[in-house]
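**Q** Have a look; sequence and predicted model below, questions after that.
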Amino acid sequence: MERRWSLGQPVPAAAVALAMTFLAVVVTVFIRSGKSKFRMPPGPMGFPILGCLPLLGARPHESLAKLAKKYGSLMSITLGSVKVVVATSPEVTAEFLKTNDKIWSSRYTTTAGKILSYDGSDIVFSEMGPKWRYARKIFMMELFTPKRLADFQPSRKQEILRGVNDAITRSDGGAETVQLDVILAKVATNIVIRMLMNERSLSEKAAQIKNSDMFRETIKSTFKLLEGFYLGDYVPWLDRIDPQGMKKQMHAVAKNVDALAQTILDDHKMKFEINRKDLQGNSNKARSGEVEDIVDALLTRPRDADGQYLSEKEMKAIITNIIFAGTDTNSGTVEAALRELLRNPHVMEKALAEMDSVVGRERLVEESDLPNLPYVNAIVRETFRLHPAGAILVPHLSTDDCEIQGYKIPAKTTLFVNTWAIQRDPNVYERPLDFYPERFLGNKKDVHGQDFDLLPFGSGRRICPGKGLALLVVPYTLAIFIQTCNLRLPGDMKPAEDYSAEVSSAEGHHLEALVTPRLSKDLFLNTAI
Ligand code: HEM
């Protein structure tokens, strides 16, 4: 995810600043001089107080990649008072996330992360410990089980076809351009909302959530805050001043997020109350014949070691994780793939040829066809390589001192893994900036965290637990759009040459195209409605 930083106002308190500068210089010189028991990897000295923050610019993954060329694939920087090590090669990353994963599996939690995660009661931002382990276990064993993924296959298909239908209708026979990124974001959001809330909503408020712009707006503002660099995180005394006004925004957005999560939860509680009355308390019986959604599962089954249900706060934290980690990541990846197909017509032609020979034009592609579409799968992997949804993995934090490549790194150091830079490194990939899916044909390189030169989902204990869903939604959405739509750019418009890897809808880029049906509309209209 891209992080931006900007100083809202001049920093006051010159005297404190001077003292801090002196202290920072002394500490840095002490650590680097080898008089400490630690020996940090090389890196730029940075500025007084702010350290290397001003060096990061608007695209930190690019700035860090440039710095790594000078200082090496294991580099250390300070961001204000925060010690950071940056990994920019597969070998160094493997030392952190494979050899020493246990030490590096906690989180550096920013103020935005804390405020927007119910104070670390979630999975993404919680520190390594029993709470995180338990929430993650629930996520994998109860919420995103193979059965639930299979149960929601029809709803995924329906939401994707709704998106196709929407694009075709809006384009009006190719006369109007449509913003595909907006349509794809809505598809991805609806897929996740359907898994959380199923089809039925009992309360008016919950019904409004589905398809509501407010929901999308909340997702966007949350991402913006999570991606931004809040000065108070790095220069603690600025936290009280909040010179960028970001903390105020965080609390306002957190209030909206909480209202959404509470509505989703209350709607389910209402359902259980009704069922309990109707069926003498047998909520399992009430669910028979009805697909159990994720919030049903959260409310009824998981218990901790003492036999307690999750608290309301913990449930809301998990719900918000699913909403924010599981929507724009998926749609941003499909958007990036379609953008590349529009820029590279020869790749699109090969994908169409594969689709026609494997599936034909008389029926719709199904999720079960995906294993038989190697070229489409190679396009997906090539997209994950060039455009990982998180350019830098969510920052990890060490819980103990650790030796990496001969350097001695103290506990409580933050780790940035610059996957964007690794996956575009000419020493790792030939012609790294070309979109060339063929590089993945006939090899087993994959995104499951074992190949350290392809880590869009991370690796080790913190690897993305939503990978199973993402690896259905991304290729299937792409396959349906390839099969059912003729996509063209208006006039002589070209898609942006390069654009930020990360969750692109948060950045205001639009993918505009003219869309006409490629197959008979009868094939998908019924499912889309
Ligand atoms: C294209 C889609 C996706 C990509 C590229 C992606 C990528 C990532 C990455 C890079 C991380 C951080 C890994 C690390 O810390 O090293 C992560 C964490 C996470 N992702 Fe995803 N993700 C995607 C989809 C999803 C979906 C669909 C969900 C849920 C429905 C999800 C839920 C999570 C959660 C809960 C975490 C935190 C894990 C932890 O800290 O233990 N993600 N994801």
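**A** Right, received. Where do you want to start?
**Q** Am I right that residue 109 sits in a strand?
**A** No - assigned with DSSP: H, G, I helix; E, B strand; the rest coil, residue 109 falls outside any strand and is coil.
**Q** what about it, neighbour count?
**A** By the criterion of other CB atoms under 10 Å, residue 109 has 20 neighbours. (Glycine included, C-beta is placed from N, CA and C.)
**Q** thought it was touching residue 124?
**A** No - contact criterion CB atoms under 8 Å: residue 109 and residue 124 do not qualify, at 9.2 Å.
**Q** any residues in contact with both of these two?
**A** The contact sets of residue 109 and residue 124 overlap at residue 117 (CB atoms under 8 Å, 6 or more residues apart in numbering).
**Q** low-scoring pLDDT stretches of the stretch 51-200 of the chain, where are they?
**A** 199-200 (pLDDT under 70).
**Q** packing partners for the longest helix seen in the chain?
**A** Ranked by number of residues, the top helix in the chain under DSSP state H is helix 246-278. Under the contact criterion of 3 or more CB pairs under 8 Å, 6 or more residues apart in numbering; DSSP states H and E, helix 246-278 touches helix 111-115, helix 180-197, helix 204-209, helix 213-227, helix 283-287, helix 294-300, helix 312-325.
**Q** what element comes up after the last one heading to the C-terminus?
**A** Past helix 312-325, heading to the C-terminal end, the next element that is a helix or strand (DSSP states H and E) is helix 328-343.
**Q** Tell me the helix or strand right after that next one.
**A** Sequence order places helix 345-358 as the next helix or strand after helix 328-343, per DSSP H and E.
**Q** Next, the angle helix 328-343 makes with that following helix.
**A** Helix 345-358 and helix 328-343 are oriented at 100 degrees to each other (axes from the mean of the first three to the mean of the last three CA atoms, to 10 degrees).
**Q** CA-only coordinates of the helix or strand just after helix 345-358, as CSV, when you get a sec.
**A** Moving toward the C-terminus from helix 345-358, the next helix or strand (DSSP H and E) is helix 374-386. Output of helix 374-386 as CSV, limited to C-alpha atoms (Å, rounded to 0.1, in the frame of the first residue of the first chain):
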residue,chain,number,x,y,z
PRO,A,374,-3.0,-21.8,-17.6
TYR,A,375,-2.6,-18.6,-19.6
VAL,A,376,-5.3,-16.7,-17.6
ASN,A,377,-3.6,-18.0,-14.4
ALA,A,378,-0.2,-16.8,-15.7
ILE,A,379,-1.8,-13.4,-16.4
VAL,A,380,-2.9,-13.3,-12.7
ARG,A,381,0.6,-14.2,-11.4
GLU,A,382,2.2,-11.6,-13.7
THR,A,383,-0.3,-9.0,-12.3
PHE,A,384,0.6,-10.0,-8.7
ARG,A,385,4.2,-9.6,-9.7
LEU,A,386,4.1,-6.2,-11.3
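**Q** Does anything pack onto the next helix or strand after helix 374-386? Which helices or strands?
**A** Tracing the chain C-terminally past helix 374-386 and defining elements by DSSP H and E, one meets strand 396-397 next. In terms of contacts (3+ CB pairs under 8 Å, 6+ apart), strand 396-397 is packed against strand 106-107, strand 414-417.
**Q** just those: most buried one?
**A** Stretch with highest mean neighbour count among the helices and strands packed on strand 396-397: strand 414-417 (a mean of 24; mean count of other CB atoms under 10 Å).
**Q** so the residue nearest to residue 88 when sequence neighbours are not counted is in which element?
**A** Closest residue to residue 88 apart from its sequence neighbours, by CB to CB, 6 or more residues apart in numbering: residue 68 at 4.0 Å. Assigned by DSSP H and E, residue 68 belongs to helix 60-71.
**Q** Which parts of that helix count as buried, going by neighbours?
**A** If you call a residue buried by 16 or more other CB atoms under 10 Å, then helix 60-71 has these buried ones: 60-62, 64-65, 67-68, 71.
**Q** Relative to residue 427, how far out is the residue nearest to residue 88?
**A** 12 Å (CB to CB, to the nearest Å).
**Q** just checking, residue 479 touches residue 370?
**A** Yes - if you go by CB under 8 Å, residue 479 and residue 370 touch, sitting 6.8 Å apart.
**Q** Neighbour count for the two, which is higher?
**A** Taking neighbours as other CB under 10 Å, residue 479 and residue 370 compare with residue 479 leading, 27 against 18.
**Q** check contacts around that one.
**A** With contact taken as CB under 8 Å, 6+ apart, residue 479 is in contact with 355, 365, 369-370, 373, 376.
**Q** So it lies in a helix, does it not?
**A** Yes - under three-state DSSP, residue 479 falls within a helix.
**Q** So residue 183 sits against residue 168, correct?
**A** No - contact criterion CB under 8 Å: residue 183 and residue 168 do not qualify, at 10.2 Å.
**Q** out of the helices and strands packed on helix 246-278, nearest to the ligand?
**A** helix 312-325 (3.4 Å; CB to the nearest ligand atom).
**Q** buried sites along that closest one?
**A** In helix 312-325, counting by 16+ other CB under 10 Å, buried: 314-325.
**Q** How about residue 435, nearest residue that isn't a chain neighbour?
**A** Residue 435 sits nearest to residue 340 (CB to CB, 6+ apart), 4.5 Å away.
**Q** Pull the number of nearby residues for that neighbour.
**A** Counted with other CB under 10 Å, residues neighbouring residue 340 total 19.
**Q** how near is it to residue 350?
**A** Distance of residue 340 to residue 350, computed by CB to CB: 13 Å.
**Q** so which residue of the stretch 251-400 of the chain comes closest to the ligand?
**A** Counting by CB to the nearest ligand atom, the stretch 251-400 of the chain gets nearest to the ligand through residue 326 (2.9 Å).
**Q** I figured residue 168 hits residue 520, correct?
**A** No - taking CB under 8 Å as the definition, residue 168 is not a contact partner of residue 520, at 12.0 Å.
**Q** So between the two, which is more surrounded?
**A** Taking other CB under 10 Å, residue 168 and residue 520 do not tie; residue 168 has more neighbours (23 against 11).
**Q** So which bits of stretch 74-91 are buried?
**A** 74-90.
**Q** same question but for stretch 149-156, I mixed them up
**A** Result for stretch 149-156 [16+ other CB under 10 Å]: buried residues 149, 152, 155-156.
**Q** how about the residues of the stretch 201-350 of the chain that lie near the ligand?
**A** For the stretch 201-350 of the chain, the residues in contact with the ligand (CB under 6 Å from any ligand atom) are 321-322, 325-326, 329-330, 333.
**Q** Quick check: of these, which lies closest to residue 472?
**A** residue 330 (9.5 Å; CB to CB).
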